[in-house]
Structure formats: C-alpha cells, structure tokens
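1. Below are the sequence and a predicted model for it; my questions follow.
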Amino acid sequence: MDHPYPMDSTGGRAIVYVRAVSVDTLPDEVRAQMPGLSRVYAVHSDDGQCLAFLPNRQMAFAMARKNDFAPVSVN
C-alpha cells in the first residue's frame, strides 16, 4: 500500500514553542512587570520571536490554543 498519510497533527495551525524562563534572565523592564515571580513561561514563534510571557505552563498553552496556535513544549 502506497497511500500518503497526513502526518500534520497541528490541524494547519502555526506551531509555537513554550518554555520555562527564569525571571532573573530577563531585562529589567520586563522583570519589573513580574513582581513575585521567579519563573514564567515564554511563548515563541517558529522563528524565535517571543510572543508572550505567562505565569504558568497551563496558561501558556491555553493562550496559544485560544489564538489558533499549536503549542509545543521545549526545554
């Protein structure tokens, strides 16, 4: 059998990458907007542009899906 099988599990949505980020590594002006947090989750486009910071992984995935992206976790 030589039938193509669609391997795209994203449903045609653009992939975004979610990763944990230490707040200490962020610029001062960004850190100032995150009082009391030591870690946030960054959402990045496929070209590496940071789109958002969220306080937890669940919110990062929910925000990505709400905006029609397919989130993928990376380290």
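-> Happy to help now that I have it. Numbers count the residues shown, from 1 in each chain.
2. Off-centre distance for the longest helix belonging to the chain?
-> The single longest helix within the chain, with elements called by DSSP state H, is helix 57-66. In this view, helix 57-66 has its centroid 8 Å away from the chain centroid, taken as Cα atoms, centre = their mean, to the nearest Å.
3. buried set for whichever strand in the chain runs longest?
-> Assignment by DSSP state E gives strand 14-22 as the longest strand of the chain. By 16 or more other Cβ atoms under 10 Å, the buried positions in strand 14-22 come out as 16, 17, 18. Where you see a C-beta, it was placed from the backbone N, CA and C, and this is true even at glycine.
4. Report the beta-bridge partners for residue 41.
-> residue 20, residue 54 (DSSP bridges).
5. Spit out the contact partners of it.
-> By Cβ atoms under 8 Å, 6 or more residues apart in numbering, the contact list for residue 41 reads 18, 19, 20, 21, 53, 54, 55, 56, 57, 59, 60.
6. try 7 Å this time
-> 18, 19, 20, 54, 56, 57, 60 (Cβ atoms under 7 Å, 6 or more residues apart in numbering).
7. a markdown table please, covering those and showing distance to residue 40 and pLDDT.
-> Output for these, formatted as a markdown table (distance: Cβ to Cβ, whole Å; pLDDT from 0 to 100):
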| residue | distance to residue 40 | pLDDT |
| --- | --- | --- |
| 18 | 11 | 98 |
| 19 | 10 | 97 |
| 20 | 8 | 98 |
| 54 | 6 | 97 |
| 56 | 8 | 97 |
| 57 | 10 | 97 |
| 60 | 9 | 98 |
